[in-house]
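> Dropping the sequence and predicted coords here.
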Amino acid sequence: MKDISNPIKGVTDGRLFIPALFLSRFATQPPGLITGLLLIDIGRTFGCPVGVTGQISTTSFMIGVIFALVTGVLSVRYKHKSLLILGLTFIIVSALGCFLAPNFSSMMLSYSFSGLGMAMVPPMCNSLVGEHLPLEKRSSAIGWILAGGASSYLIGAPLIGFIAGYGGWRLAFLVYMLPVSIASLAITLIGVPSTKGIAQPVVNRSNYLEGFKKISSSRSAFICLLGTILAMAAWEANLIYGASFFRQRFIMPTSWVSILLSGMALCFLIGSLASGYLINRFGRKNLAVLSTIILGMLSFIYLNLHLFWLSMAIVLLVCLSGGMRYAASDSLTLEQLPEFRGTMMSVSSAAANLGSSLGGAIGGLCLLLYGYNGLGISLGVLSISSAVVYYLFVLDPT
């Protein structure tokens, strides 16, 4: 893996740049981790079944879709660092609101603020990488940023399991999610450089929409977003309902599931870090296609098995391929329109949120109608469709 220390020349010494982006991505994961692990418990509090309670994630992602498009416009006018800071602030607000939520409606509203954060933090992290790092270091940096999200699951899953066992799901938002988001905001303020000295687009009314016009006129860039929607629908459904699958089918206690989630996070982390080497060796598009196919096939298999240990082994491989797919897809998207990276990554975030929302909705519907077997079939179809789209229509500009 290439050395990415001191990556920024002429702007800052760069020592905190990657750690700040790593922790920023780390801070985006606690909302999904808490709901994924404790969805059953949250539903019991408000008297809702799992399929209905999971729609708090669906609503959050739908709001994220809209706000990610707004971020694409704002990225032309405002510094990427400023938008990153705003996104982290929304996550802090969400943590407090979820802890205090007195009913399901207020819980849904408070959780939606995390969707605003997710609409801003990942695209701005990737845009900052494209803005400050040379091409040969970007895929490795993106791998490290994604590893930040995986590390949140790795560390947070057992902690949240312990916290919830001691004081309930509300305490997880207060004791874990809130401090993490505050710490991330602090290191971002210190470690992420401004764009002083880096050429910025001239701001006028036409510039605000120029990036969107470029995306719509580029078949590769536009279809890349479709591939992201389909792949994220399959991946997010795994995150939302995977823990509940093991709790309900195999009667696993929450503490055991939290350990499994840590193992899943570790595999995702390994996949995302390995992607830096694999992308430079085999290419962004090739890795995106192969890893998406593997993810879909394995998702179908583990959700249709009644063999406890084999299901656990396969879900770990799902996460390994998921880390590779995520990094390859982000790297491929980042290079589609270099002159409008902020807009492209924001629209990609909107696509990812739309896919995640569809994953939550489709997954919940399949779960209610056909159980986990139907859920597995839907995830397989979504992933294979994404791989076909990438293979046939998306170009790797590098």
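Here it is on my side, so go on.
> what about the residue nearest to residue 129 when sequence neighbours are not counted, distance to residue 21?
Excluding the flanking residues, the one nearest residue 129 by C-beta to C-beta, 6 or more residues apart in numbering is residue 141, at 4.8 Å. All C-beta spots, glycine's among them, are computed from the backbone N, C-alpha and C. Per C-beta to C-beta, to the nearest Å, residue 141 is found 8 Å from residue 21.
> Tell me which of the two has more neighbours.
Using other C-beta atoms under 10 Å as the criterion, residue 141 and residue 21 rank with residue 21 on top: 29 against 25.
> Show me the strands in the stretch 101-250 of the chain, by range?
Ranges of strands within the stretch 101-250 of the chain: none, based on DSSP state E, counting those that start in this stretch.
> wait, doesn't the residue nearest to residue 129 sit right on residue 18?
Yes. Judged on C-beta atoms under 8 Å, residue 141 makes contact with residue 18 at a distance of 6.2 Å.
> and the longest helix for this protein?
helix 341-393 (DSSP state H).
> what residue ranges in the stretch 51-200 of the chain score low on pLDDT?
195-200 (pLDDT under 70).
> on that earlier part again, how far off centre is the longest helix of the chain?
Remark: helix 341-393 is offset 13 Å from the chain centroid, using C-alpha atoms, centre = their mean, to the nearest Å.
> same check, this time on stretch 217-234
Distance, stretch centre to chain centre, for stretch 217-234: 15 Å (C-alpha atoms, centre = their mean).
> What mean pLDDT does that stretch get?
For stretch 217-234, mean pLDDT is 90.
> Now do the buried residues in it.
218, 221-234 (16 or more other C-beta atoms under 10 Å).
> same thing with stretch 304-318?
304-305, 311-312, 314-318.
> neighbouring contacts of it?
Residues outside stretch 304-318 that contact it (C-beta atoms under 8 Å, 6 or more residues apart in numbering): 238, 242, 246, 249-250, 260, 263-264, 267, 294-295, 298-299, 301-302, 372-373, 376-377.
> Return the members of those classed as buried.
238, 242, 246, 260, 263-264, 267, 294-295, 298-299, 301-302, 372, 376-377.
> Of these, which is the nearest to residue 132?
Residue 132 has its nearest neighbour among the buried ones among the contacts of stretch 304-318 in residue 267, at 29.2 Å by C-beta to C-beta.
> Give me the distance between the one helix or strand the closest one maps to and the centre of its chain.
Following DSSP states H and E, the helix or strand that holds residue 267 is helix 254-282. Mean C-alpha position of helix 254-282 versus that of the full chain (C-alpha atoms, centre = their mean) differs by 13 Å.
> what do you get for stretch 275-288?
Worked out by C-alpha atoms, centre = their mean, stretch 275-288 lies 19 Å from the chain centre.
> In the stretch 1-150 of the chain, what residue spans correspond to helices?
According to DSSP state H, counting those that start in this stretch, the stretch 1-150 of the chain carries its helices in the segments 17-28, 30-46, 50-53, 55-77, 80-100, 104-132, 135-167.
> For the third one, output the C-alpha coordinates as CSV.
Just to be clear, that refers to helix 50-53. This file holds the C-alpha atoms of helix 50-53, laid out as CSV (Å, rounded to 0.1, in the frame of the first residue of the first chain):
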residue,chain,number,x,y,z
VAL,A,50,-39.1,-4.5,12.3
GLY,A,51,-40.2,-3.8,8.8
VAL,A,52,-41.9,-0.6,9.8
THR,A,53,-39.2,0.6,12.2
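> Output the contacting helices and strands for it.
Helices and strands touching helix 50-53, by 3 or more C-beta pairs under 8 Å, 6 or more residues apart in numbering; DSSP states H and E, are helix 30-46, helix 219-249, helix 341-393.
> re the thing from before, can the helices of the stretch 1-150 of the chain go into TSV with extra columns for distance to residue 333?
As requested, the helices of the stretch 1-150 of the chain are exported to TSV (distance: least, C-beta to C-beta, whole Å):
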stretch	distance to residue 333
helix 17-28	16
helix 30-46	21
helix 50-53	31
helix 55-77	13
helix 80-100	16
helix 104-132	8
helix 135-167	10
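> Looking at the ones you listed, spot the one closest to residue 362.
Closest approach to residue 362 among the helices of the stretch 1-150 of the chain (C-beta to C-beta): helix 55-77, 9.6 Å.
> So which elements touch that closest one?
helix 30-46, helix 80-100, helix 104-132, helix 205-217, helix 219-249, helix 341-393.
> a markdown table please, covering these and showing distance to residue 191.
What follows is the helices and strands packed on helix 55-77, written out as a markdown table (distance: least, C-beta to C-beta, whole Å):
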| stretch | distance to residue 191 |
| --- | --- |
| helix 30-46 | 20 |
| helix 80-100 | 10 |
| helix 104-132 | 11 |
| helix 205-217 | 27 |
| helix 219-249 | 28 |
| helix 341-393 | 19 |
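> ranking those helices by burial, who's on top?
Across the helices and strands packed on helix 55-77, the average number of neighbours (mean count of other C-beta atoms under 10 Å) peaks for helix 104-132, which reaches a mean of 25.
> Show me what it packs onto, helices and strands only.
Other elements packing on helix 104-132 under the criterion 3+ C-beta pairs under 8 Å, 6+ apart are helix 17-28, helix 30-46, helix 55-77, helix 80-100, helix 135-167, helix 308-334, helix 341-393.
> Who are the packing partners of the shortest one?
For helix 17-28, the helices and strands in contact under the criterion 3+ C-beta pairs under 8 Å, 6+ apart are helix 80-100, helix 104-132, helix 135-167, helix 178-191.
> And those: which comes nearest residue 271?
Among these, the nearest to residue 271 by C-beta to C-beta is helix 135-167 (8.3 Å).
> Now the closest one: buried residues?
Here helix 135-167 shows 137-157, 159-164 as buried, counting by 16+ other C-beta under 10 Å.
> hmm, back to that, mind checking which of the helices and strands packed on helix 55-77 is nearest residue 285?
Evaluated over the helices and strands packed on helix 55-77, closeness to residue 285 peaks at helix 341-393, with 6.3 Å, by C-beta to C-beta.
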